[in-house]
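**Student:** Predicted coordinates and the sequence they were generated for:
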Amino acid sequence: MDNEAAPVDQLEQRHRLDLDSLSRWMKRNVEGFSGALSARQFGIGQSNPTYLLEAGGKRYVLRRKPPGALLPSAHAVDREYRILKALADSDVPVPRVHALCTEDSVIGTMFFVMDYVEGRQYPDPKMPDVSSAERAAIYDAINDTAARLHKLDYAALGLADYGKPGNFFARQIDRFTRQYRAAEMEKIDAMDHLIEALPRYIPASEETAIFHGDFKLDNMIFHPVRPRVAAVLDWELSTLGDPRADFAYTMMIWRLTPEEYRLGIAGLDGKGGIPTETEYLEAYCRRSGRSAIEHWDFFIVFNLFRLAAILQGIMVRAIKGNAANALARDYGGRARAIAEIGWREFQKIGR
């Protein structure tokens with residue numbers, strides 16, 4: 001990760017940190033903090049600006065809301081902080097959090113500080129630098145971590161009020177429709193079709209578990225030498241929701257080619273240690289005590305719709321100049337293609 005982080009003094013003014021102000025806050029709020037503070041911004045990620053902090057021989061990570069006008073309910077770093085704190089001693093590995101700052105006066109926006117986790121990250125699902133056996137083991141570790149997450153007793157963790165009970169899909173479709181409309185720049189027929197059609201195909205029965213919302217390869221840190229998840233990151237979209245849909249988000253990359261989406265693996269599965277869609281789904285079902293998952297195609301399409309709405313928001317932030325990543329404009333420009341793939345996959349529902 002280090003080589004993807006830029007020194008703060010080389011950043012655009014809107015992403016720079018007031019290190020003196022931040023240092024004073026950390027002395028008051030981060031146990032054991034001492035020494036001169038330095039900071040670099042990670043180039044990965046599209047939403048909340050993220051920084052590597054170093055002081056007194058220790059490393060920390062800071063996550064903040066981006067500056068500027070934001071879409072409603074987006075960039076909820078306070079929710080990220082809450083769930084990371086709740087999961088600290090759970091069966092799901094997360095970074096240790098130190099403190100949340102809700103006052104804009106310190107660095108300009110709300111933020112929280114957590115420990116830096118040493119390990120490996122894989123922005124490319126093909127993982128070209130690892131062996132087939134290692135690649136297979138890493139995919140299996142992701143699968144196992146997803147099952148562990150969805151087995152957690154959220155009420156026992158103090159998260160009973162972390163999301164509203166019932167009508168999860170109706171609320172999510174409404175939320176992302178509103179976010180998409182707020183960011184809409186051009187008419188995308190496929191997105192309009194999905195907005196109209198999806199509510200009619202919501203499954204009659206729903207389940208409730210901790211719903212990460214963005215559970216994918218590049219939101220995880222892996223052990224430095226073992227194929228094991230060391231930390232799950234980026235909980236901004238987390239809530240209580242249907243675990244089947246949460247896992248379908250992880251698996252929608254099996255329906256997308258690398259050309260259609262940077263994490264897509266369609267055509268690569270079953271090769272070089274990458275499991276097939278059927279194998280991966282069966283492994284999750286086995287770990288979560290299921291024989292199968294009904295309405296699977298609906299869950300996949302639901303997530304393609306969510307992704308298209310998220311990408312549209314990224315595009316708008318890029319145009320307004322408050323996206324966290326310089327690649328946001330290109331990345332966000334894929335909303336139309338993802339919506340069209342979602343509409344294509346919708347045709348499979350009910351077969």
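**Tutor:** It's in. This one's a predicted model, so the numbers in the text were calculated from it and none came from an experiment. Numbering: from 1, shown residues only.
**Student:** Please tell me how far Ser47 sits from Asn219.
**Tutor:** Counting by Cβ to Cβ, to the nearest Å, the gap from Ser47 to Asn219 is 11 Å. The way it works is simple: take the backbone N, C-alpha and C, and place the C-beta from them, glycine included.
**Student:** How is Phe247 classified with respect to secondary structure?
**Tutor:** helix (DSSP: H, G, I helix; E, B strand; the rest coil).
**Student:** Got the domain ranges for this protein?
**Tutor:** Split into domains by automatic domain parsing, the chain comes to 2-115, 132-346.
**Student:** can you tell me which of those domains the model trusts least?
**Tutor:** Least confidently modelled of the domains of the chain is domain 2-115, at a mean of 86 by mean pLDDT.
**Student:** Distance from the chain centre to that one, please.
**Tutor:** 16 Å (Cα atoms, centre = their mean, to the nearest Å).
**Student:** Could I get the full set of helices for the protein?
**Tutor:** With DSSP state H as the criterion, the chain has helices at 19-29, 77-86, 132-151, 168-183, 189-197, 243-251, 277-287, 296-320, 328-332, 335-346.
**Student:** Output those helices in CSV, with distance to Asp214 and mean neighbour count appended to each entry.
**Tutor:** Output for those, formatted as CSV (distance: least, Cβ to Cβ, whole Å; neighbours: other Cβ atoms under 10 Å):
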stretch, distance to Asp214, mean neighbour count
helix 19-29, 26, 16
helix 77-86, 11, 20
helix 132-151, 12, 19
helix 168-183, 13, 18
helix 189-197, 19, 17
helix 243-251, 7, 24
helix 277-287, 17, 17
helix 296-320, 9, 23
helix 328-332, 14, 18
helix 335-346, 14, 22
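**Student:** could those go into TSV alongside distance to Ile265?
**Tutor:** Compiled in TSV, the helices of the chain are given as follows (distance: least, Cβ to Cβ, whole Å):
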stretch	distance to Ile265
helix 19-29	40
helix 77-86	27
helix 132-151	10
helix 168-183	24
helix 189-197	22
helix 243-251	10
helix 277-287	9
helix 296-320	14
helix 328-332	18
helix 335-346	14
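**Student:** Tell me which of those lies nearest to Glu260.
**Tutor:** helix 335-346 (5.9 Å; Cβ to Cβ).
**Student:** Leu100 pairs with what?
**Tutor:** Phe112 (DSSP bridges).
**Student:** ok, now which ones touch it?
**Tutor:** Val77, Asp78, Tyr81, Met110, Phe111, Phe112 (Cβ atoms under 8 Å, 6 or more residues apart in numbering).
**Student:** do that again at 7 Å, thanks
**Tutor:** Asp78, Tyr81, Phe112 (Cβ atoms under 7 Å, 6 or more residues apart in numbering).
**Student:** Which member of those residues is positioned nearest Asp18?
**Tutor:** Phe112 (16.5 Å).
**Student:** Contacts only, for the closest one.
**Tutor:** Arg63, Val77, Glu80, Tyr81, Val97, Ala99, Leu100, Cys101.
**Student:** Spatially nearest residue to the last one, not counting backbone neighbours?
**Tutor:** Spatial nearest neighbour of Cys101, excluding adjacent residues (Cβ to Cβ, 6 or more residues apart in numbering): Phe111 at 5.4 Å.
**Student:** ok, how many other residues are close to the one you found?
**Tutor:** Neighbour count of Phe111, defined by other Cβ atoms under 10 Å: 27.
**Student:** ditto for Ala292
**Tutor:** 8.
**Student:** who touches the residue nearest to Cys101 in this structure?
**Tutor:** Shown in contact with Phe111 (Cβ under 7 Å, 6+ apart): Leu62, Arg63, Arg64, Val77, Cys101.
**Student:** Go ahead and confirm the last one touches Leu22.
**Tutor:** No: assessed by Cβ atoms under 7 Å, Cys101 is found out of contact with Leu22, at 9.0 Å.
**Student:** and the gap between the most centrally placed residue in the chain and Ala137?
**Tutor:** In the chain, the centroid-proximal residue (Cα atoms, centre = their mean) is Asp214; its distance is 3.0 Å. For Asp214, the distance to Ala137 (Cβ to Cβ) stands at 23 Å.
**Student:** Pull up the gap between Ser21 and Leu84, please.
**Tutor:** 23 Å.
**Student:** again, but for Gly108
**Tutor:** 22 Å.
**Student:** coming back round to it: could the domains of the chain go into JSON lines alongside distance to Gln121?
**Tutor:** Shown next, in JSON lines, are those (distance: least, Cβ to Cβ, whole Å):
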{"stretch": "domain 2-115", "distance to Gln121": "8"}
{"stretch": "domain 132-346", "distance to Gln121": "6"}
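**Student:** Pro123 is nearest to which of those domains?
**Tutor:** domain 132-346 (5.0 Å).
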